[in-house]
Each structure stands twice: as structure tokens, then as C-alpha cells.
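> when you get a sec, could you give me coordinates for this:
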Amino acid sequence: MKKWRTGLSLSAIAALAFTVACGNNNSSNAGGSASSPASGSPAASQASAASYKDDLKVAVTAQPPTLDSATTASALALDIAGNIFETLFTLNENYEPTPVLAESYTKSDDGLTYTIKLRQGVKFHNGKELTSDDVVASMNRWLVTSSRAKALLEGANFSALDAGTVELKLAKPNPDVLVLLSAQAAFPAIFPKEVIDSAPAEGITDYIGTGPYKLQEWKQDQYIHLVRNEDYVSPEGEPSGFAGKKEAATPNLYYYFVPDNATRIAGVKSGEYDIADSIPTENFEELSADSGVNLSSYPGGTLTAFLNSSEGAFKNEKLRQAAVAALNADDILLASFANPDLYKLDPGYMNPSQTQWASTAGSEYYNQNDQEKAKQLLQEAGYNGEKIVLLTTPDYSEMYAATLVIQEELKQVGFNVDVLSSDFPTFLKTKDEHSKWNLMVTSNGYQLIPPQLLAVTQSWVGLDDAQVKASVATISSATDSAAAKAEWDKLQGYLYEHAYSAVIGHYNEVVATSKKVEGFSQFVGPVVWNAKVAK
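Residues are numbered from 1 along each chain as shown. The predicted structure follows:
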């Protein structure tokens with residue numbers, strides 16, 4: 001829909017990722033014989049270009065609702081936008097904040113002021129050179145538009161010191177401020193100031209960034225076409241996570257919207273698509289046996305049920321608790337992911353390998369599968385058959401399958417249940433209309449710190465609880481890791497106790513690529529700017 005605190009080990013997360021049927025898809029086909037042109041010569045460049053296709057085609061499950069990163073939690077939108085836009089900092093493969101549009105920074109002794117020097121010579125897609133005015137306009141918009149930024153950096157403000165330097169002033173110290181500026185889930189993209197100034201209230205549609213690709217065409221319900229930014233100025237360093245050198249190796253990137261799983265699978269097998277995301281786990285074995293396809297599996301995140309406590313029947317806490325008591329996580333996960341090797345039972349909202357934040361708090365409310373308890377809670381709640389609406393989208397098969405199983409489990413204990421299903425953009429719009437639904441299941445990527453979780457973000461499903469807000473503030477300002485962990489344990493248990501949400505389980509993402517694809521990597525999302533396809 002991943003540097004935590006200073007001194008914490010992150011290597012375990014990277015170690016979880018594994019590759020199935022891994023071919024030599026980071027090697028080059030451009031040379032090798034004694035008679036090959038010298039590397040770097042014009043002849044070598046021509047030979048290399050002639051060996052690769054001009055287009056790289058990616059099949060994705062849905063059309064993104066927008067590419068305005070400050071206004072969406074859609075991982076798909078952020079994956080595509082990452083080719084167009086850049087941020088001051090991003091994460092390297094060790095999950096450490098790393099400069100991109102920033103060159104360097106200093107922090108005041110009191111932790112309230114960050115002075116950030118910008119890289120020089122960076123240009124937007126319209127030819128304008130990046131200055132501090134663009135950064136200040138973009139970041140201050142992000143601080144009030146992004147739900148995560150607004151909640152976690154309240155009172156913060158950017159200002160320009162000179163054309164190449166900006167200053168971030170915090171209202172209170174936050175040890176994770178660089179993580180928030182780097183995280184893919186927050187994605188504070190930098191736009192030209194004039195784009196920010198003219199942006200309508202509903203969001204930016206003038207997608208001009210500094211990234212290695214620029215938007216050529218968005219054909220509604222069909223594809224997004226990106227073209228190489230020939231004037232791109234790449235950061236230095238070896239590629240690492242989202243950081244380091246970006247080559248824009250293929251002239252054209254196409255993101256095709258292919259919600260039908262069978263079509264995406266057939267397309268990557270036939271070569272129609274070079275990359276296909278969100279491969280259903282029931283097709284894992286089939287594709288593993290295909291000699292022309294590589295499968296990459298990596299820790300994806302949590303499948304989570306969110307209960308709407310702001311409006312409707314589930315404002316009644318006992319009704320929410322009854323619904324959570326009825327859930328059989330084993331059955332839901334099996335229906336959603338098919339292969340038990342690709343999911344695990346665990347009550348934690350955070351990555352289980354992340355030792356700072358992994359928690360089993362609230363496990364007494366996890367995977368209860370207790371129909372008698374659910375029925376008793378229904379009686380105590382005075383339930384009289386009000387319609388319970390489950391919101392979902394078939395564009396994400398795991399979310400849809402989970403919803404259908406939950407529908408049956410709730411019916412069995414006496415709930416009157418309907419399913420409201422729509423395409424993904426409509427699903428996201430309906431999610432914000434709280435009067436129309438009571439429960440939804442989403443697949444949520446792992447976050448770096450608990451305050452970034454959608455489960456504690458008020459704008460996600462309207463959760464408005466003073467204790468949740470107080471705990472988030474305590475975690476965000478804590479300088480002692482043990483105290484922060486203790487507060488997170490308390491908060492995770494509180495979410496379960498009051499049935500605001502419930503983790504169903506943890507899943508692996510599966511991405512298929514043609515074995516002709518080179519330079520593709522998988523981090524907290526697909527990285528395609530260095531990828532190319534052999535002819």
C-alpha cells in the first residue's frame with residue numbers, strides 16, 4: 001500500500017530477501033571477446049545500445065490514483081513517481097538516510113535546526129535549475145499535505161538561507177527526522193516552485209521533477225509512458241537501495257495497468273512484459289519452472305484489517321471486538337496467498353526481524369477464531385442486524401480473497417455482511433467516505449518506525465483516539481530506544497484491545513522478470529532506472 005534509530009542493526013531485514021530461479025540478470029552482454037571495442041569508446045557505446053531494447057515494459061496490478069506523492073499512500077503510485085521525482089534524502093540498501101538532492105547537512109546541538117546544502121547543477125524536466133525556493137515550497141506543502149508529515153512533524157517549517165541552502169526548523173526534537181525525509185512511504189518529492197504555487201486543492205497534476213525519467217503520456221486505464229531525462233544529473237556512488245547512481249538505462253519505461261492476474265503472468269512468460277508485479281502465490285510454482293522467467297520474493301509487509309471506528313456500526317467497540325474475535329487468520333492467509341511458504345502468522349505490525357520494534361503485544365487478541373466469544377460480544381453490544389459493509393478491490397487479489405473469507409466468518413457468528421468492491425482508484429476514494437464502509441483489508445508495506453504506520457495515522461481510516469496520539473508523540477520524541485520500544489508495546493496492545501485494527505499475517509511479495517532483464521533490483525519497491533532488456 002524500511003535508518004531506524006541510531007545504532008540499530010538493519011542487516012536482518014535485507015537478509016530476509018531471497019531470489020528464486022535467479023539468473024545472471026545483473027550482468028552485461030555487451031562485450032567479452034578480445035576483439036570487442038574498448039569500454040567507453042563510441043564503438044562500445046553503440047554496440048551496447050544495439051544489444052538492448054529501447055523499451056522496458058512493466059505490468060502492474062492497477063492504475064495509480066495520482067503521482068502526487070504527498071496526497072497518496074498508494075505504493076504503486078510512489079513506485080512510479082520515484083522515477084520522475086527526487087527527494088532531499090533517500091534510503092540506501094542498509095536503510096540509512098542518504099543525500100540525493102541534498103549535498104550535506106548539519107544539525108544544531110538542541111536538535112531543532114537542520115541546515116541542508118543542496119546539490120548544484122540539478123535541473124527540472126522543464127530546464128529550470130533547482131534552487132532553495134523550489135525546495136522550500138515543496139517541503140512546506142508536504143508538511144501540511146502529507147498525513148504522515150502533518151502528524152509527525154507538526155510545527156516544522158522550511159526556509160531558504162540562500163539559493164543553495166535551506167533550513168528546517170522543528171517545533172520539538174525528533175530523532176527520526178531524517179528517516180521521515182527519506183522514507184518511500186512519506187516521499188517528500190521536490191517540484192518547481194511555480195508548480196506548487198499553481199497547484200489546485202485536489203492535488204498536483206503537472207508532474208515535473210528532477211528524476212532520471214520524465215512523464216511522456218498517461219493514457220487513462222491503459223498505461224503510463226516515461227522517457228529518459230537526457231539532462232539528468234545523477235547522484236554519485238554505486239547503486240544502493242534507492243540511493244547512488246541512476247543511469248536511466250532504457251530510453252522508455254511503460255507501466256501497463258493489468259489487473260487480471262492471468263494476463264500479467266501470460267505476458268511475462270511470452271515476453272510481452274519484461275516485469276510483472278504482485279504475482280499471485282498460487283502461480284509461484286508455475287513460474288518457478290519457467291526457464292525464461294526469474295522470480296524474486298522479498299518480505300512485503302502485513303495483511304491488516306482496519307475497522308472504521310469513526311462512523312457507523314463499528315463505532316461500537318464491542319462490535320469491533322466481536323469481529324476481531326471471529327477472525328481465523330490461518331484460513332484468511334491461505335485464501336489470500338495460497339502457499340504457506342509465502343506468509344507467516346505473527347501479530348506484530350512491524351517487521352518481525354526488526355529487533356527494535358518487533359512486538360507480540362496484544363497477541364491474546366490475535367487469530368482468536370473464537371465464534372462463541374464473538375457471539376457473546378454481539379449480544380453485549382446489542383447488535384440488531386445492522387448491515388456491515390466490507391470494502392475491497394479485486395485489483396489486489398490478496399485483499400479481495402481475504403475480504404471474502406472474512407465475510408463468511410462474520411456471517412457465521414451472526415453479522416449481516418455485504419461486500420462493496422470497486423477498482424483501486426475508486427476503492428481509495430471510498431475509503432475516505434467513512435459512512436460507506438465498516439471494515440477493509442489492505443496489504444501494507446513495512447515501515448521504518450511505528451509512527452509511520454497507517455494503523456496510527458488518523459487520516460487513513462479516521463481513527464481519533466487521544467491515547468493513540470499521545471503514544472505516537474512519545475515514541476517520536478523518545479531519545480532512549482528502550483523507552484520508545486516500551487511505549488510501542490503499549491500502543492500495539494492498545495490497538496488490539498480496542499479492535500481498531502488487527503494484523504492478519506505477514507506476507508512476501510513476488511515479482512517476475514524476464515531473464516533478459518539486467519540491472520533490475522528490488523528494495524522496498526522495484527528499482528527500474530538502471531534496468532535494461534537484452535534483445
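> and the residue nearest to Phe257 when sequence neighbours are not counted, helix, strand or coil?
Distances taken as CB to CB, 6 or more residues apart in numbering place Gln63 nearest to Phe257, at 4.4 Å, with adjacent residues excluded. The C-beta positions use only the backbone N, C-alpha and C, and glycine is treated the same way. Per DSSP: H, G, I helix; E, B strand; the rest coil, the secondary structure class of Gln63 is coil.
> find the centremost residue of the chain, please.
In the chain, the centroid-proximal residue (CA atoms, centre = their mean) is Ala75; its distance is 3.7 Å.
> can you pull the pLDDT of that one?
We have a pLDDT of 87 for Ala75.
> please tell me I have it right and it contacts Leu454.
No. With contact defined as CB atoms under 8 Å, Ala75 does not reach Leu454; the gap is 11.2 Å.
> residue ranges with poor pLDDT in this protein?
The chain contains residues with pLDDT under 70 at 1-49.
> could you chop it up by domain?
What automatic domain parsing lists as the domains of the chain is 53-274+516-533, 301-507.
> among the ones you listed, which comes closest to Leu295?
Ranking those by proximity to Leu295 (CB to CB) places domain 53-274+516-533 first, at 10.0 Å.
> compute the first-to-last residue distance for that closest one.
6 Å (CA to CA, to the nearest Å).
> where do the strands sit along the stretch 401-535 of the chain?
416-421, 439-445, 501-514, 517-518, 521-522, 526-527, 532-533 (DSSP state E, counting those that start in this stretch).
> now for Glu238, how many residues are close by?
9 (other CB atoms under 10 Å).
> Gly519 contacts Pro526, correct?
No. Gly519 is beyond contact range of Pro526, at 11.8 Å (criterion: CB under 8 Å).
> what touches both of those two?
Taking CB atoms under 8 Å, 6 or more residues apart in numbering as the criterion, Gly519 and Pro526 do not both touch any residue.
> measure the residue lying closest to Asn367 once chain neighbours are set aside to Tyr343 for me?
Excluding its sequence neighbours, the residue lying closest to Asn367 (CB to CB, 6+ apart) is Ala329, at 3.9 Å. Separation of Ala329 from Tyr343 (CB to CB, to the nearest Å) stands at 10 Å.
> any shared contact partners between these two?
Common neighbours of Ala329 and Tyr343 (criterion: CB under 8 Å, 6+ apart): Gly505.
> buried ones in the strand or helix carrying Asp330?
Assessed by DSSP states H and E, Asp330 sits inside helix 329-337. Using 16 or more other CB atoms under 10 Å as the test for burial, helix 329-337 gives 329, 331-337.
> contacts only, for the residue nearest to Asp464 when sequence neighbours are not counted.
Nearest non-adjacent residue to Asp464, counting by CB to CB, 6+ apart: Gln458, 5.9 Å away. Shown in contact with Gln458 (CB under 8 Å, 6+ apart): 147, 151, 464, 469.
> stretch 149-165: which residues count as buried?
Neighbour-count burial for stretch 149-165 flags 149-153, 156, 158, 160, 164-165 (criterion: 16+ other CB under 10 Å).
> swap in stretch 510-529?
Under the neighbour-count criterion of 16+ other CB under 10 Å, stretch 510-529 has 510-529 buried.
> got it, and stretch 133-151?
134-139, 141-143, 145-151.
> which ones among the residues you listed map onto helices?
134-139, 141-143, 145, 147-151 (DSSP state H).
> run a quick neighbour tally on Ala50.
Ala50 has 9 neighbouring residues, counting by other CB under 10 Å.
> ok, the closest residue to it other than its chain neighbours - contacts?
With CB to CB, 6+ apart as the criterion, Ala50 has its nearest non-adjacent residue at 7.9 Å, and that residue is Lys535. Going by CB under 8 Å, 6+ apart, Lys535 touches 50-53, 516.
> looking at the residues you listed, spot the one nearest Ser108.
Once CB to CB is applied, the member of those that ends up nearest Ser108 is Tyr52, at 48.3 Å.
> quick check on the closest one: phi, psi?
According to degrees, to the nearest 10, the main-chain angles of Tyr52 amount to phi -130, psi 150.
> confirm that Leu253 sits in a helix.
No. Judged by three-state DSSP, Leu253 forms no part of a helix; its state is strand.
> distance check, Ile277 against Thr145.
For residue 277 the amino acid is Asp, not Ile. Noted for Asp277: a distance of 27 Å to Thr145, by CB to CB.
> ok, back up a step: which one, of the domains of the chain, ends up nearest to Asn294?
Checking the domains of the chain against Asn294 by CB to CB gives domain 53-274+516-533 as the closest, at 7.6 Å.
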